[in-house]
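1. Okay, sequence plus prediction incoming.
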Amino acid sequence: MAERFERHRQPWRPDELQKLHTLAKKGMALKAIAKALTRSEESVKDRAKLDGLSIAKLR
């Protein structure tokens, strides 16, 4: 069963965006970033694309 996210469709807070940028620049994998931010992988991927960030594939 897929994980349920309580924060479905919640706006990104500035601290979350900063953490996303930091983790992406460190080369962290998508799954790990999503877990750290308690967001879905899809949400993280979409936001990263919007911000022009590249996220490492699963390692």
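-> Arrived safely.
2. Burial check on the closest residue to residue 33 other than its chain neighbours, number of neighbours?
-> Leaving aside its sequence neighbours, residue 33 sits nearest to residue 23 (Cβ to Cβ, 6 or more residues apart in numbering; 4.8 Å). The C-beta positions use only the backbone N, C-alpha and C, and glycine is treated the same way. With neighbours defined by other Cβ atoms under 10 Å, the count for residue 23 comes to 22.
3. so which helix or strand takes in residue 23?
-> Counting by DSSP states H and E, the element that carries residue 23 is helix 14-25.
4. by contact count, what packs against that helix?
-> Using 3 or more Cβ pairs under 8 Å, 6 or more residues apart in numbering; DSSP states H and E, the elements in contact with helix 14-25 are helix 30-37, helix 41-50.
5. Mean neighbour count, those: which tops it?
-> Burial of the helices and strands packed on helix 14-25 is given as mean neighbour count (mean count of other Cβ atoms under 10 Å); helix 30-37 ranks first at a mean of 18.
6. quick one: average confidence on that one?
-> Helix 30-37 shows a mean pLDDT of 94.
7. what about that helix, distance to the chain center?
-> Once both centres are worked out by Cα atoms, centre = their mean, to the nearest Å, helix 30-37 turns out to sit 5 Å from its chain's centre.
8. any weak-confidence spans in the chain?
-> Counting by pLDDT under 70, the ranges of the chain that qualify are 1-8, 58-59.
9. about what we covered before: give the buried residues for the helix holding residue 23.
-> Buried residues in helix 14-25, defined by neighbour count with 16 or more other Cβ atoms under 10 Å: 16, 20, 23-24.
10. Ok, stretch 51-59 next?
-> Judged by neighbour count using 16+ other Cβ under 10 Å, the buried positions of stretch 51-59 are 53, 55.
11. ok, and what's touching it?
-> Residues outside stretch 51-59 that contact it (Cβ atoms under 8 Å, 6 or more residues apart in numbering): 17, 20-21, 24-25, 27-31, 33, 44-45, 48.
12. and the residues you listed as CSV, adding distance to residue 10?
-> Shown next, in CSV, are the contacts of stretch 51-59 (distance: Cβ to Cβ, whole Å):
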residue, distance to residue 10
17, 13
20, 14
21, 18
24, 20
25, 24
27, 26
28, 21
29, 23
30, 19
31, 20
33, 16
44, 13
45, 16
48, 17
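13. Cool, thanks, signing off.
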